[in-house]
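**Student:** Model the structure of this input:
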Amino acid sequence: MDWMRRRRAAGKILLLAVLPAMAFLLAVSVGRYPAGIAHLPGALHTLLTGGELDPAQLTLVRLRLPRIILAMLVGGALALSGAAYQGLFQNPVVSPDLLGASSGASFGASLAILLGAGSLGVQAASFCAGVLAVALAAGMDRLLSRRSVSAVHLILCGMLVSSLFNALLSFVKFAADPETKLPAITFWLMGSFSGASLADLRIFWLFLPACALLLMVRWRLNILAMGDEEARMLGVNVRASRYLIIACATLLTSLSVSVSGNIGWVGLVAPHFARMLVGADYGKLLPASMALGGAFLLLVDTAARALLTVELPLSVLTAVIGAPFFFLLLLRGKRRFL
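**Tutor:** Okay, here's the model as predicted:
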């Protein structure tokens with residue numbers, strides 16, 4: 001029996017490693033321009049040695065690779081945030097935008113577009129507004145529960161803040177020029193990596209510390225799942241742990257929305273699929289969710305740019321794919337979690 005369990009565990013680990021790798025190979029090979037995986041080693045060698053890139057290599061290095069890497073980063077970050085929120089609030093239908101990060105980031109980006117800011121300004125405004133939204137929710141929760149820790153209060157405050165920023169977003173749309181600004185805002189909100197470039201990959205250094213810190217404290221989610229009183233008896237500072245996890249998840253969500261727009265379902269579907277593979281132990285669940293989220297969003301982005309001559313918005317595809325897939329996951333995994 002032990003060898004069978006070890007064999008199954010090895011098979012799951014292999015799947016978690018192979019699926020992102022296969023998604024990467026597929027994404028590199030698929031596209032409108034004649035460039036594929038065979039051109040990748042030569043392109044990287046030419047880039048590192050400072051040589052001149054041929055058209056196929058230029059397509060890979062300047063267009064396709066930045067988009068692929070950014071899609072995997074955003075997908076992994078959203079899935080990691082979703083799994084952390086689901087464990088923190090013990091709710092299987094929680095997503096990364098629970099506390100208003102996505103609503104705030106969407107408002108910030110839309111306001112920046114309305115004011116004529118460039119791409120860097122849009123990203124900065126989106127990130128700052130997303131962090132501000134969650135900070136408001138946390139501050140309201142602090143006022144409501146000074147002496148106690150209440151997940152219910154925090155969720156309600158997040159709903160209030162989300163409603164506020166959604167209203168502000170509607171006002172920005174109302175004020176936008178319907179010929180120029182409004183289409184740009186609408187397209188950005190639907191999510192896309194079409195503008196990804198090598199410069200955007202610098203955001204990796206912001207993703208890295210938040211991901212690393214969240215993975216380092218993932219064991220606390222197992223303790224917090226026992227309940228606040230049990231966690232305190234085991235020596236865990238419940239409020240500090242909760243706010244630390246929320247801060248990391250918020251940074252990841254705000255960063256993701258700032259570079260890709262508002263993409264739903266990734267932070268909901270990937271953690272459930274990971275839970276079916278590795279169980280409810282958050283020491284395994286968070287890394288598994290990150291791997292599956294990156295692979296899922298990369299496959300969706302590949303389909304978005306390859307299915308039609310016109311690129312499809314990511315939020316449309318993630319909803320079309322994610323909704324029925326999530327329902328199937330619920331049918332198969334309801335005995336484990338629900």
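**Student:** Which helix or which strand is home to P34?
**Tutor:** Using DSSP states H and E, P34 sits in no helix or strand.
**Student:** Need phi/psi at it.
**Tutor:** In terms of degrees, to the nearest 10, the main-chain angles of P34 are phi -70, psi 70.
**Student:** surely it meets L58?
**Tutor:** No. Contact status for P34 versus L58: not in contact, 11.9 Å apart, counting by Cβ atoms under 8 Å. For the C-beta atoms, the positions are set from N, CA and C on the backbone; glycine is no exception.
**Student:** neighbour count winner among the two?
**Tutor:** A count of neighbours by other Cβ atoms under 10 Å puts L58 above the other of P34 and L58, at 18 against 9.
**Student:** what helix or strand is the residue nearest to the spatial centre of the chain on?
**Tutor:** The centre of the chain sits closest to L78, judged by Cα atoms, centre = their mean, with a distance of 1.8 Å. Using DSSP H and E, L78 sits within helix 65-89.
**Student:** Next: F171.
**Tutor:** Going by DSSP H and E, F171 is in helix 151-175.
**Student:** and the next helix or strand after that helix with helix 151-175, angle?
**Tutor:** Remark: after helix 151-175, the chain's next helix or strand is helix 181-189, criterion DSSP H and E. Helix 181-189 and helix 151-175 meet at an angle of 150 degrees, taking axes from the mean of the first three to the mean of the last three Cα atoms, to 10 degrees as the criterion.
**Student:** So which bits of helix 181-189 are buried?
**Tutor:** Using 16 or more other Cβ atoms under 10 Å as the test for burial, helix 181-189 gives K181, L182, I185, W188, L189.
**Student:** tell me the contacts of L26?
**Tutor:** Listed by Cβ atoms under 8 Å, 6 or more residues apart in numbering, the contact partners of L26 are L299, T302.
**Student:** Find me the pLDDT at it, would you?
**Tutor:** You'll see L26 listed with a pLDDT of 90.
**Student:** tell me which residues in the helix or strand hosting it are buried?
**Tutor:** Using DSSP H and E, L26 sits in helix 2-29. In terms of neighbour count (16+ other Cβ under 10 Å), helix 2-29 has its buried residues at K12, L16, L19, P20, A23, F24, L26, A27, V28.
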